[in-house]
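# sequence-free structure coming up:
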């Protein structure tokens, strides 16, 4: 099983190029299947979740051409199956986007209940509420979600909670519904806007993405186009935090600084120097940072997907910090792993009290989920001696060339599988 071995102590210095946004790309791939013409999507991140989604779309019968590592062409005209049920998709949360895409195009779909990281309950009730409002019937049996409609008709839908997945899913179905749909209390995340932009380029009529209300005027069909995925806000934020934690100096390139404001503001608050450019952000970590209070919120608030990473930074900052998680109830599973590295963290419900320590020490830790795994890697890069991170399959779901990019910045990290490879890494880094 693949693992990361890390020797901490080196500040990260240099430039890093950010890949396309995984969360946006998953929705874009589903939307691409809704046209009976070729849709070319560029700047796809080469990560496990994206590759699983592309394979699933191909298995449904759609014509899929992988142009290169980051570009794929999809033509939904040849799709012969609206049932998606395989072991890979069950582990991937975003498989549910195929429900909205297929329901909108064909009037029916059957998709395995989604899996993904174990960070708490993430029900799809808002998705199903939206489909029913459009006129679909919904059945959940034997681990499958089935939706069917003789005709989809526009409706006024108010979501009980802000949900990125439900916003994208219902928006896709509504794009091909008859009449006008109004979606209220919707998610405003950049990847919601990205999916809306692609659908509009395909001929949809969607207005208001990025605000509280999205209005969709249904069209009869969608057509082919070309589209490039936005940069990944969370990958960028992860490298920004890694730079700060290691007291480094990193310029994060191919980003939209506006999408990173919530992260940049918090890093400035605790003592980092942040310089913004047209498509880049430079982070300079200076000395020991200050404590802070953080509460995760829907965009444009502080993202839940950055909470574990910022917690590592706060674990090394002066004073006591408070982190409140308002999105997922199991997001603090990494705390026990950081305790093994010498952190001082006390979790009570959805609140973590973090007392800053001078240093972390290397340990054997296990990644409980995608973002927590990235956080443990950051902790390892700051720690004294060696850190061994297990279960990196989670990290590989969402970060392209993570170890390679960290090495290019001076981080000492290697992907290993055998004791021989571990010993070789230790020998090399001792000599180095």
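Nice, I can see it. Being a predicted model, the structure only gives us computed values, none of them experimental.

# What count of nearby residues applies to the closest residue to residue 148 other than its chain neighbours?
Sequence neighbours aside, residue 108 is the residue nearest to residue 148 in space, at 4.3 Å (criterion: C-beta to C-beta, 6 or more residues apart in numbering). To be clear about C-beta, it is placed using only N, CA and C from the backbone, and glycine gets the same treatment. Residue 108 has 17 neighbouring residues, counting by other C-beta atoms under 10 Å.

# Distance of residue 108 relative to residue 27?
20 Å (C-beta to C-beta, to the nearest Å).

# which residues does the residue lying closest to residue 421 once chain neighbours are set aside bridge with?
Among residues not flanking residue 421 along the chain, residue 414 sits closest, at 7.3 Å (C-beta to C-beta, 6+ apart). Bridge pairing for residue 414 (DSSP bridges) gives the partners residue 5.

# Make sure the residue nearest to residue 148 is actually in contact with residue 151.
No - contact criterion C-beta atoms under 8 Å: residue 108 and residue 151 do not qualify, at 11.7 Å.

# For the stretch 151-300 of the chain, which segments count as strands?
156-158, 180-184, 205-207, 213-217, 225-228, 249-253, 273-276, 280-284, 293-295 (DSSP state E, counting those that start in this stretch).

# for residue 249, what are its contacts?
With contact set as C-beta atoms under 8 Å, 6 or more residues apart in numbering, residue 249 has these partners: 11, 12, 13, 243, 282, 283, 284, 285.

# Buried ones among the residues you listed?
The neighbour-count test (16 or more other C-beta atoms under 10 Å) marks 11, 12, 13, 243, 282, 283, 284, 285 as buried among the contacts of residue 249.

# Not counting its neighbours along the chain, what's nearest the fourth one?
Translated: residue 243. Closest to residue 243 by C-beta to C-beta, 6+ apart is residue 250, at 3.7 Å.

# Now do the contacts for the one you found.
12, 13, 14, 15, 16, 239, 240, 242, 243, 282, 283, 409.

# Quick check, pLDDT for it.
Residue 250 carries a pLDDT value of 98.

# same check, this time on residue 144
So, for residue 144, pLDDT stands at 86.

# From residue 55, how far out is it?
With C-beta to C-beta as the criterion, residue 144 and residue 55 are 19 Å apart.

# From the rest of the structure, what touches stretch 15-22?
Contact with stretch 15-22 is made by 43-47, 49-50, 70, 190-191, 194, 228-236, 239, 250-255, 398, 400, 405, 408-409, as judged by C-beta under 8 Å, 6+ apart.

# So what's the residue count around residue 268?
12.

# and the nearest residue to it once chain neighbours are set aside, bridged to which residues?
Of all residues not flanking residue 268 in the chain, residue 274 sits nearest, at 5.3 Å (C-beta to C-beta, 6+ apart). Bridge pairing for residue 274 (DSSP bridges) gives the partners residue 283.

# measure residue 274 to residue 3 for me?
Distance check for residue 274 against residue 3: by C-beta to C-beta, it reads 33 Å.

# avg pLDDT for the helix or strand hosting residue 381?
Per DSSP states H and E, residue 381 falls inside helix 370-382. Averaging pLDDT along helix 370-382 yields 97.

# Alright, that wraps it up for me.
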